[in-house]
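J.: Return atomic coordinates for the entry below.
(2 chains)
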Protein chains: 2
Amino acid sequence: MTTYNFNPGPSPLPQEVLDHAQANMFNFEQSGMGIMELSHRSPQYEGVHNQTIKQIRKLLDVPEDYSVLLLQGGASLQFAMSAMNFLPADQKAAFVMTGSWSEKAKKEASFYGQTYELATSKANQYKNIPEVDLSLVSPDTAYIHYTSNNTIFGTQWTRFPNSDQPAIVDMSSDILSKEVDWNTVDMAYAGAQKNAGMSGVTIVIVRNSLLDHASENVSPTLSYKQHDKANSLYNTPPTSAIYMTGLVCDWIEKNGGLKGMKQRAEEKAQLIYDEIDGSEGFYTGHADTASRSNMNVTFNLPSEELEKSFLAKAKAEGFVGLNGHRSVGGCRASIYNAVPKEHVEKLISFMKEFRSVNK
Amino acid sequence: MTTYNFNPGPSPLPQEVLDHAQANMFNFEQSGMGIMELSHRSPQYEGVHNQTIKQIRKLLDVPEDYSVLLLQGGASLQFAMSAMNFLPADQKAAFVMTGSWSEKAKKEASFYGQTYELATSKANQYKNIPEVDLSLVSPDTAYIHYTSNNTIFGTQWTRFPNSDQPAIVDMSSDILSKEVDWNTVDMAYAGAQKNAGMSGVTIVIVRNSLLDHASENVSPTLSYKQHDKANSLYNTPPTSAIYMTGLVCDWIEKNGGLKGMKQRAEEKAQLIYDEIDGSEGFYTGHADTASRSNMNVTFNLPSEELEKSFLAKAKAEGFVGLNGHRSVGGCRASIYNAVPKEHVEKLISFMKEFRSVNK
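T.: Here you go, the predicted model:
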């Protein structure tokens, strides 16, 4: 049976990437060694490492005055590290709250300094990206934190406010799916397991002028400055995960770069939103129309009973990962870069059929 | 050309493990999904996760009142986390200094609390494991930190002192190569990339009574308590790296468990030490005889020129990773669990031949 993988993360990788990895990662460049058996100080591995960083720079058009780091610990560790490095005791970090991940980011940062909510859509069940009134930014704000795409609620930012304070953005669930306007982003970070590879590596892109202000009272493994100085080779990096991220970048480049990814994402998302909007109320989207995500489409059916039946039937037909997050229920189709359009079309057929039988 | 991989870490994995991974990790249990495409909340991945923890417990005979965690960031992040979690402001951490890794561990901890050196062999160029006089342990000591095997200098502990204070041991370079006496160890941690898999996952084994005393002022991603509560699934774990660790554990079990690994390690090390000791001074071991490591054999030749020639010729004949650490020079053969005895025999033949030509 064919599997249609709509997992929210870790999520599918392009089949070409998997095929290439299977054929090559266990005998890297015919060296007789797998990628995971190479010393991280060897020229072979350093080639992989530097090429991956170069590809990230190229695809995302990262300006020269930004550093690209490859770290561990997931985006969640970045919640802590960003505060440890960039939140002095006499300043505050502002958080724009768009869901559970914003809440977790703020909670983690609050262990290391003062935080406040600049805007939130919690009262609206995080159905929308809130308006940000920059006049409310307190003058002692060290940075403003955003979550660019909200996997659980299915909302996504289209552009970030252009503020005087540095903007730090968790892009875990939409990095590499569209271009980034670096005029509005001073630091971006993302766990790789959605659009950029497999779990175990975290991409951090940070403006050097922000790095210059990083705290000196952070130990080496938690210091951006230290990792930057060592080109992310301060200690052994997750070499296989970085290798996979490099392969994914190559695949993105071959498929039209970020313009291509954006177009694919919009087309796939539109197909599902069209089905939702045309279903005469059978399917209802969770997110407000203007805030809809191109990465995670969240929706409900007329009753919990029908949702259960929908998910059970979908599972039996080979669809994986369509259940909503355990914290909110409902249904969710995660359609990251590697999800083929054909799988989305299969899902639409399934949705139509289920609707016609159960309406 | 056959490759004889003596890399100090990342280092070789058993060929059976690599073959199994190549055949299975990209279509896990015929699910149509690679291990890296599975949700970490799926029953399939949870099976891998829990089985890996179970195998670590079984192989290392971990007592029931210890937790086994699978974290990220390498052993280096544990240098920081152990202090953040277990070093209160009014106490000190004692370090037994046996090389560069002890120095790094102490440096990292010193960002989060007070530290002191309980014993050191630095004056002897870290050629030996120092005697520890437990009467010198100050009463306000939160824990004593050891490095069980010293990759750079080629020394190894055989047993740890039995102190009243908790012992925290960095076992990165000899975990799973012999049994552990848990009466003398309260917490052990190890990056996987030497004996336990590929880089990107760190094993932490910690006594629950120590966990109970962990600081509450540590943010979730850096809190052992939080990771323990969530069974190392607080945030997305490095699923592929954990899968590989599970495969390595299975291979160890099939090959005699830790008794088998210890015997293999002793036999391989003895072969090289015999060649060194029988070389009439051509090869000289760096480590004092009583402190010699079964994992990393460090040695010098009569001159730097001969060392260069030795390393160049070795490289040409397919030997990889025999150069000493960039900080100390000389030669080093790292012979972790997965290095086949036949590769060590090849190395001995090469060493004998090189000696006969150059003595």
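
J.: roughly how far apart are the closest residue to chain B within the stretch 251-359 of chain A and residue B:49?
T.: Nearest residue of the stretch 251-359 of chain A to chain B: residue A:321, at 5.9 Å (CB to the nearest CB). (Each C-beta comes from the backbone N, C-alpha and C, glycine too.) Residue A:321 is 17 Å from residue B:49, where distance means CB to CB, to the nearest Å.

J.: can you check residue A:56 too?
T.: With CB to CB as the criterion, residue A:56 and residue B:49 are 29 Å apart.

J.: Return the residues of the stretch 51-200 of chain A in contact with chain B.
T.: A:72-77, A:79-80, A:104, A:107-109, A:111-112, A:191, A:193, A:198-200 (CB under 8 Å from any CB of the partner chain).

J.: rerun that using 10 Å as the cut-off
T.: By the rule CB under 10 Å from any CB of the partner chain, the part of the stretch 51-200 of chain A lying against chain B is A:71-81, A:83-84, A:104, A:107-112, A:172, A:191-194, A:197-200.

J.: Buried ones only from those residues, please, as a ChimeraX command.
T.: Burial among those is assessed by 16 or more other CB atoms under 10 Å in any protein chain shown; the matching ChimeraX selection reads:
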select /A:71,72,73,74,75,76,77,78,79,80,81,83,84,104,108,109,110,111,112,172,191,192,193,194,197,198,199,200
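
J.: Enumerate every residue touching residue A:201.
T.: Applying CB atoms under 10 Å, 6 or more residues apart in numbering or on different chains, we find residue A:201 in contact with A:52, A:70-74, A:190-193, A:232, A:237-245, B:72, B:200, B:238.

J.: mind running it again at 7 Å?
T.: Counting by CB atoms under 7 Å, 6 or more residues apart in numbering or on different chains, residue A:201 touches A:70, A:72, A:192, A:238, A:241, A:242, A:245.

J.: which of those residues tops the neighbour count?
T.: Neighbour counts for these peak at residue A:238, which has 32 neighbours (criterion: other CB atoms under 10 Å in any protein chain shown).

J.: any idea which element the closest residue in space to that residue that isn't next to it in sequence lies in?
T.: In space, residue A:238 comes closest to residue B:200 once its chain neighbours are excluded; the distance is 3.3 Å by CB to CB, 6 or more residues apart in numbering or on different chains. In the assignment (DSSP states H and E), residue B:200 maps to no helix and no strand.

J.: is it true that residue B:200 touches residue A:198?
T.: No. With contact defined as CB atoms under 7 Å, residue B:200 and residue A:198 do not form a contacting pair (9.3 Å).

J.: Give me the common contacts of those two.
T.: Here residue B:200 and residue A:198 have residue A:241 as joint contacts, going by CB under 7 Å, 6+ apart.

J.: neighbour-wise, which of residue A:321 and residue B:49 wins?
T.: Higher neighbour count among residue A:321 and residue B:49: residue A:321, with 25 against 20, using other CB under 10 Å.

J.: backbone phi and psi for that one, please?
T.: With angles defined as degrees, to the nearest 10, residue A:321 sits at phi 80, psi 20.

J.: and the residue lying closest to it once chain neighbours are set aside, what pLDDT?
T.: Closest residue in space to residue A:321, ignoring its immediate chain neighbours: residue A:7 at 3.6 Å, by CB to CB, 6+ apart. Residue A:7 is assigned 96 on the pLDDT scale.

J.: ok, now residue A:329?
T.: 85.

J.: Please enumerate the strands of the stretch 151-300 of chain A.
T.: Using DSSP state E, counting those that start in this stretch, the strands of the stretch 151-300 of chain A run over A:155-156, A:167-170, A:187-191, A:202-207, A:284-285, A:296-300.

J.: okay, those strands in JSON lines with mean pLDDT next?
T.: Formatted as JSON lines, the strands of the stretch 151-300 of chain A follow (pLDDT from 0 to 100):
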{"stretch": "strand A:155-156", "mean pLDDT": "98"}
{"stretch": "strand A:167-170", "mean pLDDT": "98"}
{"stretch": "strand A:187-191", "mean pLDDT": "98"}
{"stretch": "strand A:202-207", "mean pLDDT": "98"}
{"stretch": "strand A:284-285", "mean pLDDT": "96"}
{"stretch": "strand A:296-300", "mean pLDDT": "97"}
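
J.: between these, which gets nearest to residue B:148?
T.: Closest of these to residue B:148 is strand A:202-207, at 28.8 Å (criterion: CB to CB).

J.: Counting by contacts, list what the closest one packs against.
T.: strand A:66-71, helix A:74-86, strand A:187-191 (3 or more CB pairs under 7 Å, 6 or more residues apart in numbering or on different chains; DSSP states H and E).

J.: what's the neighbour count on residue A:244?
T.: Neighbour tally, residue A:244, other CB under 10 Å: 29.

J.: Can you name the residue of the stretch 201-350 of chain A nearest chain B?
T.: residue A:238 (3.3 Å).

J.: Would you confirm that that residue contacts residue B:198?
T.: No. Residue A:238 is beyond contact range of residue B:198, at 8.0 Å (criterion: CB under 7 Å).

J.: Which neighbours do these two have in common?
T.: Joint contacts of residue A:238 and residue B:198 (CB under 7 Å, 6+ apart) are residue B:241.

J.: Report the angle between the biggest helix by length in chain A and strand A:296-300.
T.: The single longest helix within chain A, with elements called by DSSP state H, is helix A:257-277. Helix A:257-277 and strand A:296-300 meet at an angle of 10 degrees, taking axes from the mean of the first three to the mean of the last three CA atoms, to 10 degrees as the criterion.

J.: re the thing from before, and the helices and strands packed on strand A:202-207 as TSV, adding distance to residue A:258?
T.: Below are the helices and strands packed on strand A:202-207 laid out as TSV (distance: least, CB to CB, whole Å):
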stretch	distance to residue A:258
strand A:66-71	15
helix A:74-86	20
strand A:187-191	13
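
J.: of all those, which lies closest to residue B:160?
T.: helix A:74-86 (30.2 Å).

J.: how far is that closest one from where the chain is centred?
T.: On the basis of CA atoms, centre = their mean, to the nearest Å, helix A:74-86 sits 15 Å off its chain's mean C-alpha point.

J.: averaged over its residues, what pLDDT does it have?
T.: Here helix A:74-86 scores 98 as its mean pLDDT.

J.: Up against chain B, what does the stretch 251-359 of chain A have?
T.: Applying CB under 7 Å from any CB of the partner chain, we find that the stretch 251-359 of chain A lies next to chain B at residue A:321.

J.: Helices of the stretch 251-359 of chain A, residue ranges please.
T.: Using DSSP state H, counting those that start in this stretch, the helices of the stretch 251-359 of chain A run over residues A:257-277, A:304-316, A:341-358.

J.: Check which helices and strands the first one sits against.
T.: This means helix A:257-277. Counting by 3+ CB pairs under 7 Å, 6+ apart, helix A:257-277 packs on strand A:296-300, helix A:341-358.

J.: Identify, out of those, the most deeply packed stretch.
T.: Highest mean neighbour count of the helices and strands packed on helix A:257-277: strand A:296-300, a mean of 26 (counted as mean count of other CB atoms under 10 Å in any protein chain shown).
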